[in-house]
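A.B. asks: Everything below, folded, please.
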Amino acid sequence: MRFIFRHFTAILILAAVAGWAGFYLPYTPTWSVLRLKQDIDARDGDEAAKYVDFESVVKKAGQEMVQKQAGTDPLSAMLGNAAIEMLSKPMAQVAKSWAIKKVDDGAREVQMPPAAVAGSIVLLHRNGDTASTDFTDNKGQRWRIHLARGDDGYWRVVEVEDIGQLLQRLQRNQPMGMPSP
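C.D. replies: This is a model prediction of the structure:
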């Protein structure tokens, strides 16, 4: 009992930190990034896929590519966006299956280097139910990633800007006979 009275302030601070870690931290974008890394390292593709909204990522990537290709041509943009709306769900399923398989296989191209994870967390900006990070990894790849809180309260990746550059890198590293993402 004497110990508790002597260290009351330290115990109170420790209880506050434990409460924060138990009730607040699991519902932050930082937690989702850490869980995604842990699931990838554990080669658990199904769990890792829970932290990515594949339909949103595919749709936004398609819109970004159409915007770059179409330029100022409104007809091309309209047709491209219509194709994206029609094909985004099937392409999202393909991308999700591909990502789960790659994570389960421990493929290097889906690994998250610890320095990149630390950089993304340090540079994470939260604004209500959205968050974003912008950093450059040790290979010179610039990452601009957006997260959003889902209806269930968990944060998911919803957009990876300039994903065309990333897809080209993945295609170059893809062995023959394996479908590209």
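A.B. asks: Now do the same for residue 153: helix, strand or coil?
C.D. replies: What DSSP: H, G, I helix; E, B strand; the rest coil gives for residue 153 is coil.
A.B. asks: my guess is it meets residue 28, correct?
C.D. replies: No. The criterion here is Cβ atoms under 8 Å, and residue 153 misses it with residue 28 at 10.5 Å. All C-beta atoms are positioned from the backbone trio N, CA, C, and that covers glycine.
A.B. asks: In terms of neighbours, single out the busier of the two.
C.D. replies: residue 28 (16 against 9; other Cβ atoms under 10 Å).
A.B. asks: Might you report the residue contacts of that one?
C.D. replies: 126, 155 (Cβ atoms under 8 Å, 6 or more residues apart in numbering).
A.B. asks: so how many other residues sit close to residue 12?
C.D. replies: 10.
A.B. asks: Same check on residue 90?
C.D. replies: 10.
A.B. asks: That one belongs to a helix?
C.D. replies: Yes. Under three-state DSSP, residue 90 falls within a helix.
A.B. asks: For residue 5, what is the enclosing helix or strand?
C.D. replies: Using DSSP states H and E, residue 5 maps to helix 2-6.
A.B. asks: what comes into contact with that helix?
C.D. replies: residue 11.
A.B. asks: Show me which positions of that helix end up buried.
C.D. replies: Residues of helix 2-6 include none that count as buried (16 or more other Cβ atoms under 10 Å).
A.B. asks: How far off centre is it?
C.D. replies: Distance of helix 2-6 from the chain centroid (Cα atoms, centre = their mean, to the nearest Å) equals 46 Å.
A.B. asks: Which SSE is immediately downstream of that helix?
C.D. replies: Trace forward from helix 2-6 with DSSP H and E and the next one is helix 8-23.
A.B. asks: who touches residue 131 in this structure?
C.D. replies: Taking Cβ under 8 Å, 6+ apart as the test, what residue 131 contacts is 29, 124, 125, 146, 147, 148, 155.
A.B. asks: now the fourth one, what's its secondary structure?
C.D. replies: Read it as residue 146. Look at residue 146: counting by three-state DSSP, its state is strand.
A.B. asks: now the contacts of residue 131: which count as buried?
C.D. replies: The buried subset of the contacts of residue 131 - by 16+ other Cβ under 10 Å - is 29, 124, 146, 147, 148, 155.
A.B. asks: residues contacting the closest residue to the last one other than its chain neighbours?
C.D. replies: Taking Cβ to Cβ, 6 or more residues apart in numbering as the measure, residue 155 lies nearest to residue 32, with 3.9 Å between them; neighbours along the chain are not counted. Residues near residue 32 by Cβ under 8 Å, 6+ apart: 51, 147, 154, 155, 156.
A.B. asks: Residue 32 sits in which helix or strand?
C.D. replies: Here residue 32, judged by DSSP H and E, is contained in helix 29-41.
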